[in-house]
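*Asks:* any chance you can model this:
(2 chains)
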Amino acid sequence: MVDVKFIRDHAGEVKEAVKNKGINLDVDELLRVDKERVALMRATELFNKSKNELNDRISKAAGNEERKKLIEEGRGLREPDLNRLEEIKRKFDELMVKVPTIPSPDTPIGKSDADNKEIFRWGEPKKFNFEPKTHVELGKYLDILDFDKGTKVGGFRGYYVKNDGVLLAMGIMMYAVHKMVEKGFRPMIPPTLVKGFALFGSGYFKGLEYDPEADEIYEVATSDKELTGETSKDKKFLVGTAEPSLLAYFSDETLDIKDLPVKVCGYSQCYRSEIGSYSKDVKGLYRVHEFMKVEQVALAEADVEKADKLQNEMTGISGEMHEELGLPYRRLQICTGDMSPGKYRAFDIEAWLPGMKRWGETGSASNFLDWQARRLNAKYIDETGEKKYVYMLNNTALPSPRILIAIIENYQTEDGSVVVPEVLRKYIGKEIIKAQR
RNA sequence: GGAGGCGUGGCUGAGCGGCCGAAAGCAGCGCACUGCUAAUGCGUUAGGGGUCAAAAGCUCCUCGAAGGUUCGAAUCCUUCCGCCUCCGCCA
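*Replies:* Below you'll find the model as predicted:
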């Protein structure tokens, strides 16, 4: 959410951002609706005022006679058209949720992910003196991944991780949690089944409400009554990342500037409906409906420079982990067209996947400024006692399946075994994963 | 699953149709005073929005949430959400 006042005063900049981010929004219409909204609100306030004054006179009326007369007068009062106000407020909200954060000055202008800019590279795609296999082939050979059974039981994009694969996957998670703690992030295991406000607040609903056709989120019925619509109980959803759960933890809170930045990391299962990606990456572990991930999140004071620094620190941690795991990677700065509306500045990290012969996204770092905090009502008090919205940042620490791919494919040997990266050995208890038999 | 209770300002807690955005206590802040980290007295302190260049002022909304009754709702009614206690059931 962006401050209306800012939109009124900076319509030009907002329009520019709308254009560059490719958002379908008519800013002028928003401004018109805003005007009508304010006018209607004031009319209602005026009515309420006179009603309040009348009620006040009734309570102070001298005698029954006069009281009766005044009550009659009260009966005659006609409410202004509240339906129109509700309607216009709704319209206003619908337009407001689309208003983007103005992207940072260093964000490349572009239309799609093709316009993202590589800004850093560590290591080079590994050369093999044999034809490297994909994780799908290796997973099957080593009996650590089973997609056939996964699909049988879990449906499309289902998978089983088995045997040493489990130790490897959980080792990756433990390694990431340990790393984050070492970097001063408080670990959490947040809920993955959450109410809508957490997802709306972090920007995971494209509109005002959950839209199963557009939002990459699973809605869950938690009781029969909800299935039949007999209750108005809050809908529940499965999160696609720990980010919304971690951020919503701070919703309606007012922090002290002394406690900023707040740094937390969350381990969670992640669920993605992958709506709109039906035909993409249909094989293997690359794009799946559920996986484990460690996510980093930070709440910072409303200072762009400090937030930029914090974001760099967070992306640095991801980089450090890729390096310690020995995974060649590159960092991309995300362009305006590939950036979601709320983001101010975003980077992806991509690891080289030798079997798939491609770079694969293994992390995404975003700075939303106060866009999420406004939706979640998360504030802090600064030194002068003024209340401000916090800035919110998030970044992947490590996602299990894609890092699993990267490790399996990068560390494969000619005989199909997988060497365990040094830093993970203590979790797996062995140096090499070999075929059993 | 059954029975009962409760949700009020930073916290505790009173209020149960108009005098209540709300007693009192605690905590916070300010001032005064006492020769010593503290005590006492007085004052002050909820949030959000509109108007305004801004402040003051004026004003609207908010007592878990949404509806309803009424000239008028923290207070009455309905539904929902959450918490607590007891019983049952399952670990």
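
*Asks:* going by C-alpha atoms from here, please, whenever you check contacts or count neighbours.
*Replies:* OK.

*Asks:* how far away from the center of its chain is the helix or strand hosting A:T396?
*Replies:* Assigned by DSSP states H and E, A:T396 belongs to strand A:391-399. Taking the mean of its C-alpha atoms, strand A:391-399 sits 9 Å from the chain's own mean (C-alpha atoms, centre = their mean, to the nearest Å).

*Asks:* point out the other helices and strands that that strand packs with.
*Replies:* helix A:164-182, strand A:290-300, helix A:304-324, strand A:358-367, helix A:371-376 (3 or more C-alpha pairs under 8 Å, 6 or more residues apart in numbering; DSSP states H and E).

*Asks:* need the residues of the stretch 251-400 of chain A near RNA strand B, please.
*Replies:* Counting by C-alpha under 7 Å from any atom of the strand, the residues of the stretch 251-400 of chain A close to RNA strand B are A:K387.

*Asks:* quick one: the next helix or strand after the strand holding A:T396 to helix A:164-182, angle?
*Replies:* Next along the chain after strand A:391-399, taking DSSP H and E as the criterion, comes helix A:400-410. Angle, helix A:400-410 to helix A:164-182, by axes from the mean of the first three to the mean of the last three C-alpha atoms, to 10 degrees: 110 degrees.

*Asks:* which SS class is A:A346?
*Replies:* When classified by DSSP: H, G, I helix; E, B strand; the rest coil, A:A346 comes out as strand.

*Asks:* ok, now which ones touch A:N116?
*Replies:* Shown in contact with A:N116 (C-alpha atoms under 8 Å, 6 or more residues apart in numbering): A:P108, A:G110, A:L332, A:Q333, A:I334, A:C335, A:D338.

*Asks:* is the second one in contact with A:K117, as I believe?
*Replies:* No - shown here, A:G110 and A:K117 do not form a contact pair, counting by C-alpha atoms under 8 Å, at 9.7 Å.

*Asks:* who touches both of those two?
*Replies:* A:C335.

*Asks:* any chance of the contacts of A:N116 in JSON lines with neighbour count as columns?
*Replies:* Converted to JSON lines, these look like this (neighbours: other C-alpha atoms under 10 Å):
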{"residue": "A:P108", "neighbour count": "18"}
{"residue": "A:G110", "neighbour count": "19"}
{"residue": "A:L332", "neighbour count": "21"}
{"residue": "A:Q333", "neighbour count": "23"}
{"residue": "A:I334", "neighbour count": "27"}
{"residue": "A:C335", "neighbour count": "25"}
{"residue": "A:D338", "neighbour count": "19"}
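
*Asks:* picking that back up, list the strands paired with the strand holding A:T396, with their directions.
*Replies:* Paired strands of strand A:391-399, with direction, are strand A:290-300 (antiparallel), strand A:358-367 (antiparallel) (DSSP bridges).

*Asks:* next structured bit after the lowest-mean-pLDDT helix or strand in chain A?
*Replies:* Least confident helix or strand of chain A, by mean pLDDT, DSSP states H and E, is helix A:224-227 with a mean of 48. Downstream of helix A:224-227, the next assigned helix or strand under DSSP H and E is strand A:236-238.
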